[in-house]
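S.K.: what's the 3D shape of this:
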Amino acid sequence: MSSCHLKTEASGSNATVNKPGLLQQVRWGFGSLVRQSPSAAIGATSLALIVLACFVVPFVLGRDGEVTDLLNTFTPPIWEQGGSWVTPLGTDNLGRDVLSRILTGGRISIVVALASVTMALIVGVMLGTIAGFYGGRLDSLIMRVGDLFLAYPFMLLTISVIALLGPSITNLIIILALADWVTYARTVRGSVLSARSREYVRAAEVIGVRNSTIIIRHVLPNILAPVLVLATVRAANYIIWESGLSFLGMGVPPPTPTWGIMLAEGRNYILNAWWLVTLPGLAIMFTILSINLLGDGLRDAMDPRLKRAGK
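M.R.: Predicted structure coming up:
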């Protein structure tokens with residue numbers, strides 16, 4: 001009896017010791033992602049570096065991108081003659097540090113994209129699940145409302161909301177979510193229709209399982225992969241939309257620095273101070289490229305049939 005007890009304790013202690021930690025699990029998951037889709041690993045790494053730079057570096061540098069210095073306007077980047085390590089990416093027409101403004105603008109763009117994706121995802125998944133699972137008139141009603149949103153021009157919707165509520169980060173998030181929830185609803189509806197026709201869902205209905213339980217336990221877990229891939233890919237569009245609306249003066253109001261506002265303010269000086277437009281444009285490009293690489297890689301990893309079909 002004692003030997004059995006000792007073996008049990010030993011096996012329990014071994015199980016505790018051998019249990020992988022969070023860091024090891026992340027390392028294993030990243031290694032698996034590298035093997036299955038190198039492009040996704042590249043996108044994830046570059047996106048993580050961008051996020052880290054935007055959220056951490058400004059606090060490390062201790063600089064405010066809104067502080068003006070009229071004695072040091074149009075300072076070029078460090079690699080050009082007249083550049084300074086104090087402002088390695090130069091200054092703008094008001095002497096504001098371009099590096100700090102790019103990083104702060106990236107933080108705002110990422111927050112807006114994540115919040116918009118989350119809001120559109122919640123609304124789209126909820127309405128798409130209801131439409132696909134229950135069908136009938138409710139399905140037709142939700143899809144017709146979605147068609148109305150798709151038929152309404154995005155820019156006209158933006159102008160209408162901004163005219164009513166005024167420009168702000170919160171209103172921008174609402175606009176982007178309203179413009180894109182239909183995309184998630186249609187995708188989820190199709191996936192729910194496919195999942196609902198499977199035998200285990202029908203068996204659950206036959207034995208009297210509640211619809212809410214079927215949706216939560218059997219339907220939603222099976223549509224999670226395509227929805228996550230779609231959300232990752234669409235996040236790039238939100239950043240483009242946020243930058244475009246801010247460029248037109250209908251997004252985040254100045255003096256808050258965003259990539260779109262930096263492009264709008266720097267376009268008048270593009271011939272004499274090219275870095276005011278080029279550097280924010282490169283930041284947008286690399287961020288979008290990283291998100292697209294991650295989204296395409298996740299799509300290939302979660303659905304290998306798409307990868308084989310593309311070969």
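S.K.: show me where the protein has helices.
M.R.: All helices of the chain, identified by DSSP state H, fall at 2-18, 22-36, 38-61, 98-134, 136-151, 154-165, 169-196, 199-206, 211-214, 220-247, 259-266, 275-302, 304-310.
S.K.: Pull out the buried residues from the fifth one.
M.R.: Same thing as helix 136-151. 139, 142-143, 146, 149 (16 or more other Cβ atoms under 10 Å). C-beta: built from backbone N, CA, C; applies to glycine.
S.K.: any idea which of these is least confident?
M.R.: Among the buried residues of helix 136-151, residue 149 has the lowest pLDDT, at 87.
S.K.: Output stretch 182-202 in PDB with nothing but the alpha carbons.
M.R.: C-alpha atoms of stretch 182-202 as PDB (Å, rounded to 0.1, in the frame of the first residue of the first chain):
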ATOM      1  CA  VAL A 182     -22.200  42.900 -42.400                       C
ATOM      2  CA  THR A 183     -19.000  41.200 -43.600                       C
ATOM      3  CA  TYR A 184     -18.700  39.100 -40.400                       C
ATOM      4  CA  ALA A 185     -22.500  38.400 -40.300                       C
ATOM      5  CA  ARG A 186     -22.500  37.000 -43.800                       C
ATOM      6  CA  THR A 187     -19.400  34.800 -43.100                       C
ATOM      7  CA  VAL A 188     -20.800  33.600 -39.800                       C
ATOM      8  CA  ARG A 189     -24.200  32.900 -41.400                       C
ATOM      9  CA  GLY A 190     -22.700  30.700 -44.000                       C
ATOM     10  CA  SER A 191     -20.600  28.800 -41.500                       C
ATOM     11  CA  VAL A 192     -23.600  28.300 -39.200                       C
ATOM     12  CA  LEU A 193     -25.700  27.000 -42.000                       C
ATOM     13  CA  SER A 194     -23.000  24.400 -42.700                       C
ATOM     14  CA  ALA A 195     -22.500  23.500 -39.100                       C
ATOM     15  CA  ARG A 196     -26.300  23.200 -38.500                       C
ATOM     16  CA  SER A 197     -26.600  20.500 -41.100                       C
ATOM     17  CA  ARG A 198     -24.100  18.200 -39.400                       C
ATOM     18  CA  GLU A 199     -25.300  15.000 -37.700                       C
ATOM     19  CA  TYR A 200     -24.100  15.900 -34.100                       C
ATOM     20  CA  VAL A 201     -26.100  19.200 -34.200                       C
ATOM     21  CA  ARG A 202     -29.200  17.400 -35.500                       C
END
